[in-house]
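# here is a sequence with its predicted model. Questions after.
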Amino acid sequence: MSVLDEIVAGVRLDLEARRAGVPEADVRAALADVDPPRDPMPHFRAAGSSVIAEVKRRSPSKGHLAEIADPAELAAHYAAGGAAAISVLTEQRRFGGSLDDLRAVRAAVDVPVLRKDFIVEEYQLLEARAAGADLALLIVAALDDDRLRALHEYARELGLTVLVEVHDEAETERAVALGAELIGVNARNLKTLAVDDATFGRLAPLIPDDRVKVAESGITGPQDVRRFVAEGARVVLVGEALVKDGDPEGGVRSMTGVTA
Ligand SMILES: O=P(O)(O)OC[C@@H](O)[C@@H](O)c1c[nH]c2ccccc12
């Protein structure tokens, strides 16, 4: 079993437990009271790099990254530094996150918030929007084409902006054929968990320029951002470097508005 398969198996167990507690109809009903979705695309399409700053406690590859007692406070620092959006890891077993983190972050900032998780069922998209999420991640490697299309369509019906994540050429072709307007290239290899910083430059030319290209993983500072912008990225998604930075606000600021 691959790391991704193992993570998804755990995610499915947790999801069924939540669904047993809160039936789909109840989550749907909660949508009536939720704040309308915020649109990240205008900022993403504007000149200079946009940063999606991530709230991330730990990861399968690195283990413990940071003690984040107050995700809302961290997110407020990110927003003060000019983050275009905040990503919140909500997966519990491997990343130590939760939907409560996402709710707290959404209430603390004015920028759009991404639910970063392993989404395989419509229920998770409903939960995301009901918790206030404005964007959701769909990982192409975790979904067959029917599932990818169904979830992509459903997310958009809910008003979510979808970040479609790819790792290789075949996945990139699937994302482009889907009509995804926001495509993230994850430099982390899902089998070895190693980051290969040549991945974005290899895959970006396969993505038409009318889509917004996001460089994900392993980004440590403005010099990395400049390189990915030169290779076609408009947006960078940064986790580890920012959660470990004693000055997350300054960290985001240094990576925002970077041009090639
Ligand atoms: O902490 P980093 O190396 O800056 O990476 C952030 C982000 O790219 C990474 O957390 C990520 C990208 N895609 C994912 C999918 C699931 C979980 C996590 C991720």
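That came through fine. No experiment lies behind these values; they were computed from the predicted model shown.
# is whichever strand or helix holds residue 242 anywhere near the ligand?
Under DSSP states H and E, the secondary-structure element containing residue 242 is helix 240-243. Yes: residues of helix 240-243 contacting the ligand under C-beta under 6 Å from any ligand atom: 240-241. For glycine as for every other residue, the C-beta is placed from the backbone atoms N, C-alpha and C.
# what is that helix packed up against?
strand 50-55, helix 248-255 (3 or more C-beta pairs under 8 Å, 6 or more residues apart in numbering; DSSP states H and E).
# which residues touch that helix?
With C-beta atoms under 8 Å, 6 or more residues apart in numbering as the contact definition, helix 240-243 has outside contacts at 53-57, 59, 62, 65-66, 68, 74, 78, 219-221, 248, 251-252.
# ok, which of the helices and strands packed on helix 240-243 comes nearest the ligand?
Checking the helices and strands packed on helix 240-243 against the ligand by C-beta to the nearest ligand atom gives strand 50-55 as the closest, at 5.2 Å.
# in this protein, which residue is most central in space?
residue 116 (4.3 Å; C-alpha atoms, centre = their mean).
# what does the protein put close to the ligand?
54, 56, 116, 139, 165, 186, 216-219, 237-241.
# farthest-separated two in the residues you listed?
Pairwise distances across these peak at 21.5 Å for 139 and 241 (criterion: C-beta to C-beta).
# so these two - more neighbours on which side?
Higher neighbour count among residue 139 and residue 241: residue 139, with 24 against 17, using other C-beta atoms under 10 Å.
# about what we covered before: just the buried members of the contacts of helix 240-243?
Among the contacts of helix 240-243, the ones that count as buried by 16 or more other C-beta atoms under 10 Å are 53-57, 59, 65-66, 68, 74, 78, 219-220, 248, 251-252.
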